[in-house]
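K.L.:
fold the following for me, if possible:
(2 chains)
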Amino acid sequence: MSYWQFRLRLYNASLTQWLDSIKQLSMGIVALFPLALPALIFLPFVAWGILADTSSENTLYLNTLWGYLLFIYSWMLIQRRGVLATQHRYYIDSLAVTDVKRRWCETGLIVYSANILLLGPLCLLLLMVYGAADRLFIFPLVHIVEQLTPILGLVALASYYSVCAVRVSKLPWLSLLILPLSAIPMADEFAKTQWLVLWCVAIIIERQLPMPSFSLGTWPKGIFRLQLQADLHNPRSEGLRFVALLLMTIMLGIMFNGVKHEAQSYVAGFLSFCAALLMASSLFDSQALLRLYQPYFSSLPISKYVLQSYCLLYIGIKALPGLLLLSYVNLFSTMHWALWLLFYVASLVGILYRPKWFFISPIMSAIVVFLLMSIKS
Amino acid sequence: MLVFEKISHYYQNRCVFNDFCLEINEPRVLISGPNGSGKTTLLMLAAGLIAPDAGKVSFNQQSVLTTESKQHIGISASKVALPGFLTVAELLDFHQRQFDCEPNEHWLTEFGLKQYWHTKVDNLSLGNYKKLSLLTAVMHHPSLLLLDEPANGLDDKARLALNLLLSDYPGQVIIASHEAIAAEHQQVRHIQLQRSEPAPL
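P.N.:
As a prediction, this is how the structure comes out:
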């Protein structure tokens, strides 16, 4: 077995482990939204169409670019351990393999794991260049650059974030969060090329700046601190949940602006349902923590109910950044906020009492709301 | 007084205790027995961390499963995993808040844990983890102290400190161990457990 084959085997084993761990959740999603899977598969194709088209609206372009880059970054971050073979790091380092060979293998694994998300735009770029080969020398250079810049930008940024997710431990807080959030409201102020240049500048700046860090100091105390430290110790789960919420908000935000006024309420209602489910799923982590240290928690003079109440309160506080995001994008009316609360509470109850079938209670409440609204109208 | 009343406890098809009765009045008790004889399970039952399949465990006439009883019981066992993502300082702070007590500075110094104040529990060595576990068990001065293999991983200095702690401890101490750690001290009741064989399927 060659070194490359060995690393590929390690990557595949890690991916299988990860897929096993999310099997239950995936089954839940497929059961909930049977049409979501084919739609998800076609989403990259739709995104490439928007991102390669020079005439697409700036807001739509920036929203799609942000969503695409956020997705590829999270996708690669999930696979980081497999690509770097973190679990077998010491063994890998003990092998007599040159640094160059190791780096090449890792780069190969990055391309292999990013797959269609990275190779798709690259193929599209090559096709565009090949298709316009006969016109390359007829049109002025400025025109050609203008035509190819959006897709070139996508290829460059997608490649950067694929590598960054695996090799750079610093999170792209400026280029993947602050910049897009502040850029979208003023998307028409600059041309696409200028936005891409700004994006690159943001990347350069964030690489120079230290990661914003904060110290907990002496606050909070007790069970809240314990839960917070557990989250900070393993931030992947909460981070990915927030990224998923961001992605969902971006995608449904695009849909919201694209549909007729009468249909907008349904899109917002759907977002309130998905957001509530996703934000409430944080309770799974708290329950897992309680299970993991069950003997220790049982040895404390706190009753199970008090402990559970603290958990719920902590989950409620953790939902605040998500709520801020939802209020920032401003898609909800008062009714949607009320629906969000209903679905959120229903999901929490489901997770507490029937964790395996937690989605039944929010679905039931959604059906009841839908029936009531139908009767009313 | 710790009382086990007609305790039955099973792990899948294996019966660990069947109608087991025991009263423990003595201040120092050493439980020994071969691997799998149920030493740790007995301590976990005594601490109220696992509920027996049948029967009742009480300490001073109070069921050990109640929240109130935890205030009077302290346990150090490898099965009682401490939250590894906290630093030593954070864990002790958390623990003292739950029991409304202060960590004993003397034992912190004796066990040499002060230098690991800002180390994550996960990053402690086996010996230092054991010391921390012992410290959390005695911190609230429980009337019943349950220790599972307390000398495991401890160096000579820490073993000396542990012996001192045990000899001076005012409450009832029950130790599950292969080693005769408590046997050096005054009047120790010795309880020998036997391993039960798995029942045929």
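K.L.:
next, count neighbours for A:Leu64.
P.N.:
For the record, residue A:64 is Thr, not Leu. A count of neighbours around A:Thr64, defined by other C-beta atoms under 10 Å in any protein chain shown, yields 23. (Each C-beta comes from the backbone N, C-alpha and C, glycine too.)
K.L.:
ok, and the closest non-adjacent residue to it?
P.N.:
The spatial neighbour of A:Thr64 that comes closest, neighbours along the chain excluded (C-beta to C-beta, 6 or more residues apart in numbering or on different chains), is A:Ile50 at 4.6 Å.
K.L.:
so the residue of chain B at minimum distance from chain A, which state does it fall into?
P.N.:
For chain B and chain A, the shortest gap (C-beta to the nearest C-beta) falls at B:Phe85, measuring 3.4 Å. The three-state label for B:Phe85, taken from DSSP: H, G, I helix; E, B strand; the rest coil, comes out as coil.
K.L.:
list the buried ones in the lowest-mean-pLDDT helix or strand in chain B?
P.N.:
Taking mean pLDDT, DSSP states H and E as the measure, helix B:105-110 is the helix or strand of chain B with the lowest mean score, a mean of 83. Neighbour counts over helix B:105-110 (16 or more other C-beta atoms under 10 Å in any protein chain shown) mark B:107-108, B:110 as buried.
K.L.:
packing partners of it?
P.N.:
In this structure, helix B:105-110 makes packing contacts with helix B:126-138, helix B:156-168, judged by 3 or more C-beta pairs under 8 Å, 6 or more residues apart in numbering or on different chains; DSSP states H and E.
K.L.:
which of those has the lowest mean pLDDT?
P.N.:
Within the helices and strands packed on helix B:105-110, confidence is poorest for helix B:156-168, with a mean of 88 (mean pLDDT).
K.L.:
starting from that helix, tell me the next helix or strand along the chain.
P.N.:
Scanning the chain past helix B:156-168 towards its C-terminal end, the next helix or strand to appear is strand B:172-176 (assignment: DSSP states H and E).
K.L.:
just want the residue of chain A that's nearest chain B.
P.N.:
The shortest separation between chain A and chain B is 3.4 Å, found at A:His233 (distances taken as C-beta to the nearest C-beta).
K.L.:
mind telling me what element the residue in chain A sticking out farthest from the centre is part of?
P.N.:
Relative to the C-alpha centroid of chain A, counting by C-alpha atoms, centre = their mean, A:Ile138 is the outermost residue, at 42.5 Å. Element membership for A:Ile138 (DSSP H and E) is empty, with no helix or strand holding it.
K.L.:
may I have the phi/psi pair for it?
P.N.:
In this entry, A:Ile138 is assigned phi and psi values of phi -90, psi -50 (degrees, to the nearest 10).
K.L.:
point out where the stretch 251-377 of chain A drops to low pLDDT.
P.N.:
Judged by pLDDT under 70, the stretch 251-377 of chain A has no weakly predicted residues.
K.L.:
can you pull out the helices in it?
P.N.:
If you assign secondary structure with DSSP state H, counting those that start in this stretch, the helices in the stretch 251-377 of chain A sit at A:261-280, A:282-292, A:294-298, A:304-318, A:320-329, A:334-353, A:360-376.
K.L.:
the ones you listed into a markdown table, with extra columns for distance to B:Tyr116 and mean neighbour count?
P.N.:
What follows is those, written out as a markdown table (distance: least, C-beta to C-beta, whole Å; neighbours: other C-beta atoms under 10 Å in any protein chain shown):
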| stretch | distance to B:Tyr116 | mean neighbour count |
| --- | --- | --- |
| helix A:261-280 | 37 | 19 |
| helix A:282-292 | 22 | 17 |
| helix A:294-298 | 19 | 19 |
| helix A:304-318 | 27 | 15 |
| helix A:320-329 | 34 | 14 |
| helix A:334-353 | 37 | 18 |
| helix A:360-376 | 45 | 14 |
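K.L.:
select, out of the ones you listed, the one closest to B:Gln194.
P.N.:
When those are ranked by distance to B:Gln194, counting by C-beta to C-beta, first place goes to helix A:294-298 at 24.9 Å.
K.L.:
enumerate the residues of chain B near chain A.
P.N.:
By the rule C-beta under 8 Å from any C-beta of the partner chain, the part of chain B lying against chain A is B:44, B:47-50, B:67-68, B:70-71, B:73-75, B:77, B:79-83, B:85-86, B:90, B:93-95, B:97-99.
K.L.:
which of those residues count as buried?
P.N.:
The buried subset of the residues of chain B next to chain A (16+ other C-beta under 10 Å) comprises B:44, B:47-50, B:67, B:70-71, B:73-75, B:77, B:80, B:82-83, B:85-86, B:90, B:93-95, B:98-99.
K.L.:
from these, which ones fall inside helices?
P.N.:
Secondary structure of those is defined by DSSP state H; positions in helices are B:44, B:47, B:90, B:93-95, B:98-99.
K.L.:
what's the closest of the residues you listed to B:Arg14?
P.N.:
The shortest approach to B:Arg14 among those belongs to B:Met44, at 15.5 Å (C-beta to C-beta).
K.L.:
wait, the closest one touches A:Pro295, no?
P.N.:
Yes. Contact between B:Met44 and A:Pro295 holds when scored by C-beta atoms under 8 Å: they sit 7.1 Å apart.
K.L.:
one step back: could you find the closest non-adjacent residue to the residue of chain B closest to chain A?
P.N.:
Looking at B:Phe85 with C-beta to C-beta, 6+ apart, the closest residue is A:His233, at 3.4 Å.
K.L.:
the one you found against B:Glu90, yeah?
P.N.:
No. Distance between A:His233 and B:Glu90: 11.1 Å, which falls outside the contact criterion (C-beta under 8 Å).
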